[in-house]
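Colleague: The following block contains a protein sequence and its predicted model.
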Amino acid sequence: MYFSTSIAKASRMDSVSLIFTVPEKMTTDATGSERARLCVIAQKYQLGREYMPLHTALANSFAVTRVYTDDGWPMSIRDIRDYRRFDAVLWFVRFRELIKRPAFDWADFRGMRLMYDQDAYQNFSLLAGDRFLNAWPKVYRKQRLDALLCTGEAARDNLREAGVNAIWVPKAYDPARFFDKCEPREGVCYFGELYDARAAMLRYLYSSGIQVQRFRCAYTELNGYLNRFAVCVICNMVALRAKHPFPLPAWLRPSGTPRLSPGPEVMLKNYEVGASGCVPFCDPIPEMSKLGFVDGVTMVSYSGFSDLADKLSWYLKEPHKLRQISDSAARLCANRHTWDHRAQQIATIISSYLRGTQAAVAR
């Protein structure tokens with residue numbers, strides 16, 4: 001995918017906005033059909049991180065213009081050049097920044113008004129703390145959006161109960177970055193933020209005599225690390241503890257197994273681990289089966305830490321079985337869970353909205 005760069009001064013912003021646009025020859029798809037025109041309001045930090053593959057996938061499905069808030073936060077649709085040509089505008093910015101902003105002025109814009117957020121589970125879940133509990137519906141209404149694209153089924157249901165038109169668009173992975181290198185692998189690994197439930201899981205496994213290699217690396221190196229291991233343990237459960245007056249580092253938190261509640265949704269790492277050929281050992285989340293993650297087939301599910309220790313002990317003695325599961329997990333991810341699949345889902349959502357709007361105008 002090739003991008004042309006143009007500099008445009010927005011009508012109501014003092015700063016100069018850097019806008020990436022898909023060239024005109026890419027405004028039609030392979031069949032010659034006109035692509036929907038999508039304006040993505042984004043932030044530049046996304047370009048060097050795990051979000052860039054989603055931007056690329058959107059550019060494969062739409063005629064995309066990106067407007068970066070780093071160059072001046074747009075306050076009105078009129079701040080975006082030629083805004084009437086867009087079929088939809090998609091807000092893809094940090095929620096902690098959007099929540100502080102005044103209502104966006106949509107003026108006479110007639111396309112679909114969307115917000116995409118991978119952290120909307122924080123509206124109801126305590127996995128990452130309680131800072132944004134019940135915050136999304138207020139922002140949704142203030143910004144006068146048509147739909148909020150969230151990445152979990154439970155988040156969708158929770159938001160809908162609060163009057164938000166939430167649509168489930170699961171997370172995904174980049175097949176150019178995560179793949180099985182078909183090299184020898186052994187052992188068990190863990191990576192990611194060490195929330196309370198995850199720290200308790202690792203303590204339990206260590207006390208059970210199971211060695212888990214915890215690592216940290218640059219995101220660009222993650223696939224290489226995952227290809228060294230046969231298994232990756234994933235814990236998205238939420239620890240329910242009494243709240244402390246100040247945050248405690250992981251090594252000072254109470255020992256023992258806390259009360260646990262189910263994880264809020266399938267995270268990025270579930271797809272990244274499976275696609276890399278490393279077997280994901282995951283706590284169960286109801287939406288998993290709908291996504292094709294089946295215990296003993298495309299992943300290994302555990303009901304608690306004791307069950308996890310038992311299954312690790314058994315599977316580590318059955319490398320051929322792990323190999324079968326890893327192959328199935330990689331196929332599942334490649335066939336159903338790339339960012340291109342998600343971009344196509346978003347294209348369907350926008351197309352359906354536009355058809356409904358046109359039908360309403362015709363009536």
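Modeller: Alright, I've got the coordinates. Source: prediction; values computed, not measured.
Colleague: only C-alpha atoms for contact and neighbour calcs from this point on.
Modeller: OK.
Colleague: host element of Leu114?
Modeller: strand 112-117 (DSSP states H and E).
Colleague: Residues contacting the first helix or strand past that strand going along the chain, please?
Modeller: Remark: after strand 112-117, the chain's next helix or strand is helix 136-142, criterion DSSP H and E. With contact meaning CA atoms under 8 Å, 6 or more residues apart in numbering, helix 136-142 is reached by 98-99, 102-103, 120, 123, 148, 159, 162-164.
Colleague: how about a cut-off of 7 Å?
Modeller: By CA atoms under 7 Å, 6 or more residues apart in numbering, the surrounding residues in contact with helix 136-142 are 99, 103, 123, 159, 162, 164.
Colleague: From the residues you listed, keep the buried residues only.
Modeller: 99, 103, 123, 159, 164 (16 or more other CA atoms under 10 Å).
Colleague: ok, the residues you listed vs Ala176, which is closest?
Modeller: Asn123 (32.0 Å; CA to CA).
Colleague: Start from the N-terminal end of the stretch 201-350 of the chain and give the strands.
Modeller: 212-214, 231-234, 238-240, 259-261, 279-282, 300-301 (DSSP state E, counting those that start in this stretch).
Colleague: how about the third one: buried residues?
Modeller: The reference is to strand 238-240. Neighbour counts over strand 238-240 (16+ other CA under 10 Å) mark 238-239 as buried.
Colleague: returning to that earlier point: need the winner for burial among the strands of the stretch 201-350 of the chain.
Modeller: Compared across these, strand 279-282 shows the largest average neighbour count, a mean of 26 (mean count of other CA atoms under 10 Å).
Colleague: The chain - how does it break down into domains?
Modeller: Per the record, the chain has its domains at 4-172+339-355, 188-336, by automatic domain parsing.
Colleague: Distance to Asp180 for those - can I get that in a markdown table?
Modeller: Formatted as a markdown table, the domains of the chain follow (distance: least, CA to CA, whole Å):
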| stretch | distance to Asp180 |
| --- | --- |
| domain 4-172+339-355 | 16 |
| domain 188-336 | 5 |
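Colleague: lowest-confidence stretch among the ones you listed?
Modeller: Ranked by mean pLDDT, the domains of the chain bottom out at domain 4-172+339-355, with a mean of 88.
Colleague: How far does that domain sit from its chain's centre?
Modeller: In terms of CA atoms, centre = their mean, to the nearest Å, the centre of domain 4-172+339-355 is set 13 Å apart from its chain centre.
Colleague: Neighbouring strands - and their directions - for the strand holding Leu114?
Modeller: Strand 112-117 pairs in its sheet with strand 88-91 (parallel), strand 147-150 (parallel), by DSSP bridges.
Colleague: What lies in contact with that strand?
Modeller: By CA under 7 Å, 6+ apart, strand 112-117 touches 87-92, 145-150, 350.
Colleague: With only the CA atoms kept, save the helix ranked longest in the chain in CSV.
Modeller: Longest helix of the chain, by residue count under DSSP state H: helix 339-362. C-alpha atoms of helix 339-362 as CSV (Å, rounded to 0.1, in the frame of the first residue of the first chain):
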residue,chain,number,x,y,z
TRP,A,339,-6.8,-7.0,10.9
ASP,A,340,-8.0,-7.2,7.3
HIS,A,341,-10.9,-9.3,8.6
ARG,A,342,-11.8,-6.6,11.1
ALA,A,343,-11.5,-3.8,8.5
GLN,A,344,-13.9,-5.7,6.2
GLN,A,345,-16.3,-6.0,9.2
ILE,A,346,-16.1,-2.2,9.7
ALA,A,347,-16.7,-1.8,6.0
THR,A,348,-19.9,-3.9,6.2
ILE,A,349,-21.1,-1.8,9.2
ILE,A,350,-20.6,1.4,7.4
SER,A,351,-22.2,0.1,4.2
SER,A,352,-25.3,-1.1,6.1
TYR,A,353,-25.6,2.3,7.8
LEU,A,354,-25.4,4.1,4.5
ARG,A,355,-28.0,1.9,2.8
GLY,A,356,-30.3,2.5,5.8
THR,A,357,-29.8,6.3,5.5
GLN,A,358,-30.4,6.3,1.8
ALA,A,359,-33.6,4.3,2.3
ALA,A,360,-34.8,6.7,4.9
VAL,A,361,-34.2,9.7,2.6
ALA,A,362,-36.0,7.9,-0.3
